[in-house]
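Engineer: Pasting the sequence and the predicted coordinates here, then a few questions.
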Amino acid sequence: MNILLLGKGGQVGWELQRSLAVLGTVMALDFDSQEHCGDFSQPEGVRQTVRALKPDVIVNAAAHTAVDKAESEPELARLLNATTPGVLAEEAARLGAWLVHYSTDYVFDGSGSRPWQETDTPAPLSVYGRTKWEGEQRIQQTGCQHLILRTSWVYAARGGNFAKTMLRLAQERERLTVIDDQWGAPTSAELLADVTAHAIRHLQQRPQDGGLYHCAAAGETNWHLYAKHVLALASQASAAIKIKATDVAPIPTSAYPTPAQRPHNSRLDCGKLQTTFGLTLPHWQQGVARMLTEIL
């Protein structure tokens with residue numbers, strides 16, 4: 001199996017290089033790759049890459065993920081999150097290849113408290129959410145064989161993430177304030193990559209199981225409880241980390257305005273994924289503990 005991986009330098013892309021290796025030959029590209037174009041701001045260049053390499057599977061881990069920045073550069077966000085994924089889908093359809101693509105809980109408006117299902121109608125609040133939803137639609141409209149995984153609150157040991165930010169601030173300040181009215185599940189890039197490899201193998205045998213799925217770690221939390229959990233584990237685990245913060249105070253989203261509006265309810269119902277692919281998604285705390293063991 002020949003696999004083309006795009007966005008190899010991101011958190012998910014980095015883990016995919018590991019998880020996909022057992023499936024076949026992986027050509028991994030990023031925006032600055034020289035031999036072939038992996039730059040999503042150049043959709044026709046990406047098209048030519050697919051035509052030259054003729055992969056059996058295209059895995060797209062590239063995206064514009066700077067949620068607040070997207071508000072001031074909507075054209076670029078649309079190019080990276082919708083236009084170029086649409087080109088990938090067109091080329092996948094032409095080749096008869098599979099396209100694997102990642103989307104987000106931000107396609108929903110965050111109302112209510114029930115976990116979102118794949119059949120719920122998106123109503124994104126931000127440029128990021130709107131462009132990611134448009135990307136989903138463009139892929140689906142081509143009729144290509146596809147697997148779209150919507151996920152939430154992605155983190156990895158590599159690169160920046162919320163847990164690392166909390167650890168840094170907790171060593172600098174005696175009091176932290178963290179939002180407590182946005183709910184979801186922190187999901188590791190490692191988990192996403194492993195689910196992807198498993199699903200690709202499954203789809204080779206059962207192509208009828210392609211489509212749109214929700215994929216996030218089990219359980220739920222909010223950013224305030226997540227921060228407290230991270231700091232508690234760090235305090236237990238490492239003598240090298242001196243936690244200065246003695247107070248982690250909850251605040252509402254309204255007290256911390258940002259350019260992009262974020263959903264209050266990012267819970268995703270992953271029952272369809274688990275049933276179809278025979279998976280058990282681990283609790284979010286397991287992945288966070290593993291990541292902290294790696295970085296502390």
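Structural biologist: Nice, thanks for sending it over.

Engineer: shouldn't Pro55 be in contact with Leu95?
Structural biologist: Yes. Assessed by C-beta atoms under 8 Å, Pro55 is found in contact with Leu95 at 7.5 Å. All C-beta spots, glycine's among them, are computed from the backbone N, C-alpha and C.

Engineer: More neighbours: which of these two?
Structural biologist: With neighbours defined as other C-beta atoms under 10 Å, Pro55 and Leu95 compare such that Pro55 has more, 24 against 18.

Engineer: Enumerate every residue touching that one.
Structural biologist: Contact partners of Pro55, counting by C-beta atoms under 8 Å, 6 or more residues apart in numbering, are 2-4, 27, 95, 97.

Engineer: helix, strand or coil for Leu233?
Structural biologist: Here Leu233 is helix, with the state taken from DSSP: H, G, I helix; E, B strand; the rest coil.

Engineer: Checking my notes, Trp14 in a helix, right?
Structural biologist: Yes. Assessed with three-state DSSP, Trp14 lies in a helix.

Engineer: quick one, phi psi at the closest residue to it other than its chain neighbours?
Structural biologist: Distances taken as C-beta to C-beta, 6 or more residues apart in numbering place Arg158 nearest to Trp14, at 5.6 Å, with adjacent residues excluded. Phi and psi for Arg158, reported as degrees, to the nearest 10, are phi -90, psi 130.

Engineer: Neighbours of Arg158, how many?
Structural biologist: Arg158 has 16 neighbouring residues, counting by other C-beta under 10 Å.

Engineer: returning to what we had before: report the buried members of the contacts of Pro55.
Structural biologist: Burial of these was assessed by neighbour count (16 or more other C-beta atoms under 10 Å); the buried members are 3-4, 27, 95, 97.

Engineer: So of those, which two are at opposite extremes in space?
Structural biologist: Met27 and Leu95 (14.1 Å; C-beta to C-beta).

Engineer: Which parts of the stretch 51-200 of the chain are strands?
Structural biologist: 57-60, 98-104, 145-151, 154-155, 175-179, 183-184, 187-188 (DSSP state E, counting those that start in this stretch).

Engineer: Given the last one, what are its sheet partners and their directions?
Structural biologist: Going back to what we said before, that points to strand 187-188. strand 154-155 (parallel) (DSSP bridges).

Engineer: One more: the second one?
Structural biologist: In the sheet, strand 98-104 lines up against strand 57-60 (parallel), strand 145-151 (parallel) (DSSP bridges).

Engineer: ok, now the fifth one?
Structural biologist: Its sheet considered, strand 175-179 pairs with strand 247-251 (parallel) by DSSP bridges.

Engineer: Need the mean per-residue confidence for the strand it pairs with.
Structural biologist: Taken as a whole, strand 247-251 has a mean pLDDT of 95.
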